[in-house]
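*Asks:* The following block contains a protein sequence and its predicted model.
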Amino acid sequence: RYAARVNGIDTMVITKLDVLDTLPTVKVCVGYRLHDAGLDYPPSNVAVLGKVEPIYEELPGWQAPTANIKRFDRLPPAAQNYVARLCELTGARLGMVSVGPARDQIIEVAPLF
């Protein structure tokens, strides 16, 4: 969210989705806590950054291989939901997802979400 706001990102690429294929759950940092205060963005002060605690949202994993999938709508529903949640959190639309290192493992989509 912070990187999208600071850099004016409106469309993003998610890489290495396949690395998460075996996980039963996937954690996504949705904020930070400093003492009892919630923060939407990481502090810019390095000394303070070392004192914050990340706040995670845990999403269900998909535990299915994605490396041979060529279309976004063919990804496991939990993988689609994970990507949709990242888009929601960042405020950026999805342009591409990679499911492996090869060029033919890039799923291009009309900007989604």
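*Replies:* It's in. Numbering: from 1, shown residues only.

*Asks:* Could you use CA atoms for every contact and neighbour count after this?
*Replies:* OK.

*Asks:* which strand is the longest one in the protein?
*Replies:* Ranked by residue count and defined by DSSP state E, the top strand of the chain is strand 25-34.

*Asks:* Now do the strands in this protein.
*Replies:* Under DSSP E, the chain gives strands at 11-14, 25-34, 37-39, 53-60, 93-98, 106-112.

*Asks:* pretty sure residue 42 is touching residue 32, no?
*Replies:* Yes: using Cα atoms under 8 Å, residue 42 is in contact with residue 32, at 6.7 Å.

*Asks:* quick one: which of those two has more around it?
*Replies:* Per other Cα atoms under 10 Å, whichever of residue 42 and residue 32 has more neighbours is residue 32, with 20 against 17.

*Asks:* Contact partners for the closest residue to the more buried one other than its chain neighbours?
*Replies:* Closest residue in space to residue 32, ignoring its immediate chain neighbours: residue 54 at 4.5 Å, by Cα to Cα, 6 or more residues apart in numbering. Neighbour list for residue 54: 29-33 [criterion: Cα atoms under 8 Å, 6 or more residues apart in numbering].
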